[in-house]
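Asks: let me see the structure of the following:
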Amino acid sequence: MKSKSKQNSGFLGAVERIGAKFPHPVVLFLWLTLIVFVLSFVCSIAGVTAIHPSTGDVIEPVNLISKYGFRVFLKEFVENFQAFPVLGVVVVMGAITGLCEKTGLLTTFIRVSVSKLNGTMVVLLFAFISVFSKMAGDVCQIIMPIIGAAMFYELGRHPLAGAFCGYAASSAGFAATIIPGSGEVTLTPVVISAAQLLMPEYDLTAIGAYYGLLVNAIVITVVTTIITIKVVEPRLGKYEGTPEDLDSAASSAVTDVERKALKKAGLALLIYLAVLVVLCIPQGSIFRNDETGSLLVQGTLLSSLNVLVGLFFLVPGVTYGVYTNQIKKFGDVISFMTEAVKGLSGFIVMAIFIGQFLRAFSESKLGQIIGIKGGELLGSANLPMWLIIILFLLLVAFINIFMASCMSKFLIMAPIFIPMLMRLNINPAFTFWVYRMGDGCTNLITPLDAVFVALLTTIQKYDKKANMGTILSYEIPYAAAYFVAFAVVAVLWMVFDIPVGVGGTVFLN
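Replies: Numbers count the residues shown, from 1 in each chain. I've put the predicted structure just below:
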């Protein structure tokens, strides 16, 4: 293991040391909830308000230290827990991926598929897959750290490096697109609506920023690989621990039975994907929109991704278990999944209290006020265009720490910045692209994102002493590197006036 004096030195070491002194996440979020209550009271008394850029409505902070505030939490305490954004996804995916881990499917696949790749290629390939996985939604930020930790451990590397790499790349993946998906489909109409406040005839396709988002996928992959190899792994040093619930056969050579079972699992997966494709083809498919027939726009396909991704792991996991004689009856499947969920008990307890904080912050409207005030401050600045774009990138990244919800944040920021930058001759397609980059920069370091706590559960399987400070100290280098890379790419894009997508230019004229 790397010496503590080296590992905990410098700025990142200070972040980890400070984070290690933080109380348990439950206590921390209880304090944060209390702070939100107090701030809501102070801002309410001080008369702090903001004007919503689209509706013109006056947004006032809701005083939670009131009858209304206390009644909301007394009456809806359980509902707040149930509404915790990724609670169901974490439990379901934890049970399914846990089955794949405990049967040995993941470790066998890793040993067979990537054991012959060299160090850099392993990280590069995994980073790219993590970026690509973002099209499956937030579930990828839960799955990729699990896979990354297991893969790195099997290859004799530090498992936490794999978890941090997978989480960083999948989180930053919001700034990228390899195959246009739900992000483009759902956010493009918001771009058009905001642009038409100033230019009624403005229109944009869902791939209006595709070129830029595709380049971002390459940028994120390369940056993630460099930071993992040059910063994260050297700081972590050699892993000398033993993962919790490690299968005793996990470190042994792959047997003929395991190889045969792996092939059968792969065949089962291919059959599942083929069936899925066939089901999508008919015009009356259950995955298509009943009125338009579209698979992507308001179709069932994208809204069913959590289930489909779950089956993507469950089908080969069960098949592998059957052919290795670990699963002989349906009850064995339930037993594997039950054992996997036991490891999530700590996360579930934390979700009870984090759900209260998220409800308090949302109910107080402090996040909306921060976003609007920040936009007004940037809009009043008299600065060079390239600097305004970088400051916009920085502002989005900063606000994202406090408002993890992409849609609500964009609904507030789009009507402010898109018309403002249009007045400076910037095409809304370019603004949208830069917004995506700013959001992707800090997705990985905001504790307000529910999947952040899921990452803590994953890494504690390999290091019981890991805490939120551990995560921040290793994710901050990724976030900082993404920001610098995105800023450079955005400025170069402006200098060379490169189209950001189909019909999307940097400048309006």
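
Asks: can you tell me the centre-most residue of this structure?
Replies: Compute the mean C-alpha point of the chain, and by C-alpha atoms, centre = their mean the closest residue is residue 171, 3.3 Å away.

Asks: buried residues in the one helix or strand residue 88 maps to?
Replies: Element membership of residue 88, judged by DSSP states H and E, is helix 87-103. Neighbour counts using 16 or more other C-beta atoms under 10 Å place 87, 89-103 of helix 87-103 among the buried residues. (C-beta placed from N, C-alpha, C; glycine too.)

Asks: and the gap between residue 240 and residue 153?
Replies: 12 Å (C-beta to C-beta, to the nearest Å).

Asks: just the helices in the stretch 201-350 of the chain please.
Replies: If you assign secondary structure with DSSP state H, counting those that start in this stretch, the helices in the stretch 201-350 of the chain sit at 210-227, 233-236, 256-280, 300-303, 305-323, 330-342, 345-364.

Asks: go through those and name the closest to residue 409.
Replies: For these, proximity to residue 409 was assessed by C-beta to C-beta; helix 345-364 is nearest, at 12.0 Å.

Asks: distance from the chain centre to the closest one, please.
Replies: The chain centroid and the centroid of helix 345-364 are separated by 18 Å, computed with C-alpha atoms, centre = their mean, to the nearest Å.

Asks: model confidence for residue 230, exactly?
Replies: Looking at residue 230, its pLDDT reads 95.

Asks: the one 5 residues further on too?
Replies: In the prediction, the pLDDT value recorded for residue 235 is 93.

Asks: state the distance from it to residue 462.
Replies: For residue 235 relative to residue 462 (C-beta to C-beta), the value is 15 Å.

Asks: ok, residue 262 next?
Replies: 24 Å.

Asks: one more: residue 310?
Replies: Note on residue 310: its distance to residue 462, by C-beta to C-beta, is 24 Å.

Asks: check residue 216 too.
Replies: From residue 216 to residue 462 the distance is 30 Å (C-beta to C-beta).

Asks: just residue 242 next, same as before
Replies: Taking C-beta to C-beta, one finds residue 242 at 9 Å from residue 462.

Asks: between these two, which is the more surrounded one?
Replies: Neighbour tally, residue 242 and residue 462, criterion other C-beta atoms under 10 Å: the higher count belongs to residue 462, 22 against 10.

Asks: check the secondary structure at the more buried one for me.
Replies: coil (DSSP: H, G, I helix; E, B strand; the rest coil).

Asks: identify the residues contacting the closest residue in space to it that isn't next to it in sequence.
Replies: Spatial nearest neighbour of residue 462, excluding adjacent residues (C-beta to C-beta, 6 or more residues apart in numbering): residue 159 at 4.5 Å. Listed by C-beta atoms under 8 Å, 6 or more residues apart in numbering, the contact set of residue 159 reads 148-150, 152-153, 239, 243, 459, 462.

Asks: quick one: buried ones out of those residues?
Replies: With burial judged by 16+ other C-beta under 10 Å, the buried subset of the contacts of residue 159 is 148-150, 152-153, 239, 243, 459, 462.

Asks: where's the dip in pLDDT among these?
Replies: Among those, pLDDT bottoms out at residue 243, giving 80.

Asks: which strands and helices lie in contact with the longest helix belonging to the chain?
Replies: Scanning the chain for the longest helix, with DSSP state H as the assignment, gives helix 468-496. Helix 468-496 sits against helix 10-20, helix 159-172, helix 210-227, helix 385-402, helix 428-442, helix 450-459, with contacts defined as 3 or more C-beta pairs under 8 Å, 6 or more residues apart in numbering; DSSP states H and E.

Asks: export these as JSON lines, with columns for distance to residue 328.
Replies: Conversion of the helices and strands packed on helix 468-496 to JSON lines gives the following (distance: least, C-beta to C-beta, whole Å):
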{"stretch": "helix 10-20", "distance to residue 328": "45"}
{"stretch": "helix 159-172", "distance to residue 328": "31"}
{"stretch": "helix 210-227", "distance to residue 328": "41"}
{"stretch": "helix 385-402", "distance to residue 328": "48"}
{"stretch": "helix 428-442", "distance to residue 328": "45"}
{"stretch": "helix 450-459", "distance to residue 328": "30"}
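
Asks: thanks a lot, catch you later.
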